[in-house]
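A.B. asks: based on what follows, work out the 3D shape:
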Amino acid sequence: MAQQIIFYILALAIAVFSILAVTSKRVIRSATYLLFVLLATAGLFLLLNYHYLFAVQVTVYAGGIMVLFIMSIFLTHKPGDQFITRMSWKVRSSAFLAVAGLVLCGYIIVKNVTRVYSYINGNELQMQDLGTTMMGTEKYQYLLPFEVISVLLLACIIGAILIARKEKSPMNPPQGDMD
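C.D. replies: Numbers count the residues shown, from 1 in each chain. Okay, the predicted model is just below:
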C-alpha cells in the first residue's frame with residue numbers, strides 16, 4: 001500500500017512538473033521543473049528496485065544534462081527574459097501531435113500490459129543483459145544511437161558557444177598620415 005502511495009505521488013509530481021516545464025514563460029523555471037521531473041523519474045526507478053538506473057538517472061540526467069541545459073541557457077539568454085507565446089497554427093498542430101503521441105503511447109501500454117506484470121512478478125532482466133543491449137553492436141542493440149546522441153550533444157554545446165559569442169565590431173582602419 002505504501003508503494004502505491006509513493007508511486008502516485010511520484011506520478012503526480014512527474015505530470016505536474018512536466019506541464020509546468022513546457023508552459024512556464026521563464027526559461028530557468030522550465031529547466032528547474034525539468035530537473036524535478038528527472039528526479040521524480042529516478043524515484044520511480046528506485047521504487048522498482050532498479051538501483052543502477054536510479055544512479056544513472058541522478059548522475060547523468062539530473063546532474064550532467066541539467067548542468068549543460070542551464071549553462072547553455074546562461075550562454076544564450078538573459079535568465080529573466082520572458083518568451084512571448086502566440087496561438088498560431090504551429091501551437092495548434094503541436095498540441096494535436098502531442099495528443100496523438102499520448103494516444104499512441106497509451107495504446108502501446110495497453111497492448112503490452114502483460115509484459116509489465118511479468119517484470120513485476122520477478123522476471124526481471126539481469127544487469128549483464130541490460131549492459132549488452134545498451135553497448136552492443138548487433139541487431140536490437142544501442143551502441144550506435146548512443147554515439148549519435150553524444151555527437152548531437154556535442155553539436156548543441158558548440159552551437160550554444162557560437163551563439164553566445166559576442167560580435168566584434170569591425171576594426172576601424174588606422175587614421176595615420178598619408179604623406
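A.B. asks: state the mean pLDDT of stretch 68-84.
C.D. replies: For stretch 68-84, the mean per-residue pLDDT is 67.
A.B. asks: hmm, I was thinking of stretch 5-20
C.D. replies: 92.
A.B. asks: pull the residues that contact that stretch.
C.D. replies: Contacts to stretch 5-20, defined as C-beta atoms under 8 Å, 6 or more residues apart in numbering, come from residues Arg29, Ser30, Tyr33, Leu34, Phe36, Val37, Ala40, Thr41, Gly43, Leu44, Leu47. C-beta here means a position set from N, CA and C on the backbone, and glycine is covered the same way.
A.B. asks: list the buried residues in it.
C.D. replies: For stretch 5-20, the neighbour count (16 or more other C-beta atoms under 10 Å) marks Leu10, Ala13, Ile14, Phe17, Leu20 as buried.
A.B. asks: can you check stretch 156-165 too?
C.D. replies: Ala160.
A.B. asks: tell me where this protein has helices.
C.D. replies: 2-23, 27-47, 51-56, 66-76, 89-111, 113-120, 127-135, 143-164 (DSSP state H).
A.B. asks: of those helices, which shows the lowest average pLDDT?
C.D. replies: helix 113-120 (a mean of 63).
A.B. asks: now Lys111: how far from Leu104?
C.D. replies: Per C-beta to C-beta, to the nearest Å, Lys111 is found 11 Å from Leu104.
A.B. asks: over to Ile70?
C.D. replies: 31 Å.
A.B. asks: what about the two, which has more around it?
C.D. replies: Ile70 (17 against 10; other C-beta atoms under 10 Å).
A.B. asks: okay, now Thr23: neighbour count?
C.D. replies: 10.
A.B. asks: distance check, it against Phe17.
C.D. replies: 11 Å.
A.B. asks: quick revisit: check the helices of the chain for me and report the most buried one.
C.D. replies: helix 27-47 (a mean of 18; mean count of other C-beta atoms under 10 Å).
A.B. asks: who's in contact with that one?
C.D. replies: 3, 6-7, 10-11, 13-14, 17-18, 20-22, 24, 51, 53-54, 57-58, 61-62, 65-66, 69-70, 73, 77, 79, 81, 83.
A.B. asks: could you tell me the angle between that helix and helix 2-23?
C.D. replies: 160 degrees (axes from the mean of the first three to the mean of the last three C-alpha atoms, to 10 degrees).
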